[in-house]
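Prediction below, plus the sequence it came from.
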Amino acid sequence: MRILFICRSKSGFDQNISPIVKNQGDSLVKIGHHVDYYLIENGFLGYLKLIVGLRKYIKSNTFDVIHSHYSITSIFTSLAIVNRKIVVSLMGSDTERKGLILYLINLFSRLFWDRVIVKTERMKERFKSKSIIVLPNGVDFDRFFVVPKLEAQKKVGFSSDVINILFLADSKRKEKNVELAREAVKLLNNPSIVLHEIYPVPHDLVPYYLNAAEILVLPSLYEGSVNIVKEGMACCIPIVATNVGDVKQNILSTDGCFIAKAEPVDFSEKIGLALKFASKTNGRENIEHLRDKAIAERLVNIYNSIKD
């Protein structure tokens, strides 16, 4: 099957493709399919160019499936290819849309999008359409696995003489809520603790950062299907996170992983508990059902359901 992924260009990443989108594409390639990428320039002008450019691109190429990612991208994609069936993935940020954009998402999901993939049951409740299917992001177990801590620390430049806590996200994005992690670490009043705010980072180094740290923290205000948490679980690292997206259902049964309130005192206390755990978790076995191959096969079933 030849599949076209349509998504925004993301500077700072390999090939300017979001790791979330690229990982899903790679998982389809693993099971024998071909994936092409059509990247959209950032900004309103980029979306306008999409309408003309994508129309020409599709006329000169043959695809079995067209899969667009993110809500605004998918709205403009629908305007460009009116008579083609389309699969749409709504991401975590789409959950927070309001006003006109939320109205358009619901309108297009009912009238123009043949299948709408959301990452969590929470997201499904947000969007009203019979075409909606819940399919979380998968995890590449071949890339994310346990690496000896000293080896990982040497690879990323972490000191073994301190307690390394990892925040791996864009600290400039308000919804990532890095200030909560900063305040929680301050409350621990331990000068040997170092909070590493890492972004952007080549995706092939992410497993090393996860294995180099004592704890992964996710203090977000909202998320969809949180890749970094599942990747951390595949690396068996203790995690402290707020109750966003699908985090709670994924880490609830894993010793050494904790859900914290979105306030400094409780988040700090949970970090303390994770530090006391001081061991590898059994997170990997608890997300076995989220292997990228299994998720890719479910995605192909969605594609097949709309093929002529």
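On my side now, so go ahead. Residues are numbered from 1 along each chain as shown.

list the contacts for Phe167?
Applying Cβ atoms under 8 Å, 6 or more residues apart in numbering to Phe167 gives the contacts 178, 181, 195-198, 217-219. (Each C-beta comes from the backbone N, C-alpha and C, glycine too.)

before we move on, what about Ser60?
With Cβ under 8 Å, 6+ apart, Ser60 has no contacts at all.

Ok, the one 4 residues further on next?
For Asp64, the set of contacting residues under the criterion of Cβ under 8 Å, 6+ apart consists of 1-3, 303, 307.

what's the closest of the residues you listed to Phe108?
Distance to Phe108, by Cβ to Cβ, is smallest for Tyr303 among the contacts of Asp64, at 19.0 Å.

for the closest one, helix, strand, or coil?
The three-state assignment at Tyr303 reads helix, by DSSP: H, G, I helix; E, B strand; the rest coil.

And the nearest residue to it once chain neighbours are set aside, how close does it get to Leu90?
Nearest-residue entry for Tyr303: Val65, 4.5 Å, with adjacent residues in sequence omitted and distances by Cβ to Cβ, 6 or more residues apart in numbering. Distance of Val65 to Leu90, given as Cβ to Cβ, to the nearest Å: 17 Å.

In the helix or strand of the chain at the bottom of the mean pLDDT ranking, which residues are buried?
Every helix and strand of the chain was ranked by mean pLDDT, DSSP states H and E. The lowest is helix 121-126, at a mean of 80. Buried residues in helix 121-126, defined by neighbour count with 16 or more other Cβ atoms under 10 Å: 122-124, 126.

repeat for stretch 44-59
For stretch 44-59, burial by neighbour count (16+ other Cβ under 10 Å) applies to 46-47, 50, 54, 57-58.

mind listing what's buried in stretch 186-197?
188, 193-196.

Check the offset of the host helix or strand of Ile295 from the chain's centre.
Using DSSP states H and E, Ile295 maps to helix 292-304. Averaging C-alpha positions (Cα atoms, centre = their mean, to the nearest Å) puts helix 292-304 17 Å from its chain's average.

by contact count, what packs against it?
Here helix 292-304 touches helix 19-30, strand 115-118, going by 3 or more Cβ pairs under 8 Å, 6 or more residues apart in numbering; DSSP states H and E.

and the angle from that helix to helix 19-30?
Counting by axes from the mean of the first three to the mean of the last three Cα atoms, to 10 degrees, helix 292-304 lies at 80 degrees to helix 19-30.

how about helix 292-304: buried residues?
Buried, per 16+ other Cβ under 10 Å, within helix 292-304: 292, 295-296, 299-300, 302-303.

of the residues you listed, closest to Leu28?
Ala296 (5.2 Å).
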